[in-house]
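> turn this into a model:
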Amino acid sequence: MRVCGLYFAFNAWGNCFSPAVCINTRFSKLKSKAAKIILTLRFGGLETRIYWRGWFCVDWNSAHVARKFGKVIELDHGICWTYKGWLGNHQDI
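The predicted structure follows:
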């Protein structure tokens, strides 16, 4: 669904347009640390994902933060942006 140029998707596991807000849900009876809800914010070809694992267990990975504040690391298959700091640990491969 598109509203004012922003795409909204629910349980879209494949590619999604940009700019977009996607909500993915995984409901499992297993008591694991897998994310139950994933909120993906996609703008300018970069993604920020917020993972809710239940109750007060939330973490996130942001390519936006990695590109803005991080440094470049050369890998065998290309480059990786990485940031470790007060905003957490973030990577954009």
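
> is L87 in contact with V65, as I believe?
Yes - counting by CB atoms under 8 Å, L87 touches V65, with 5.4 Å between them. All C-beta atoms are positioned from the backbone trio N, CA, C, and that covers glycine.

> more neighbours: those two, which one.
V65 (21 against 13; other CB atoms under 10 Å).

> pull the contacting residues for that one.
48, 83, 87-88, 90 (CB atoms under 8 Å, 6 or more residues apart in numbering).

> same check, this time on F17
So F17 contacts Y7 (CB under 8 Å, 6+ apart).

> ok, back up a step: top of the contacts of V65 by neighbour count?
Counting by other CB under 10 Å, top hit in the contacts of V65: H90 with 22 neighbours.

> can you report phi and psi for it?
Reported as degrees, to the nearest 10, the phi and psi values for H90 are phi -130, psi 150.

> shouldn't it be in contact with N61?
Yes - under the criterion of CB under 8 Å, H90 lies in contact with N61, with a separation of 5.6 Å.

> partner residues bridging the nearest residue to T25 once chain neighbours are set aside?
Nearest residue to T25, sequence neighbours excluded (CB to CB, 6 or more residues apart in numbering): I37, at 5.5 Å. Counting by DSSP bridges, I37 is bridged to T25, W52.

> what residues are up against I37?
So, once contact is read as CB under 8 Å, 6+ apart, I37 ends up touching 23-26, 51-52.
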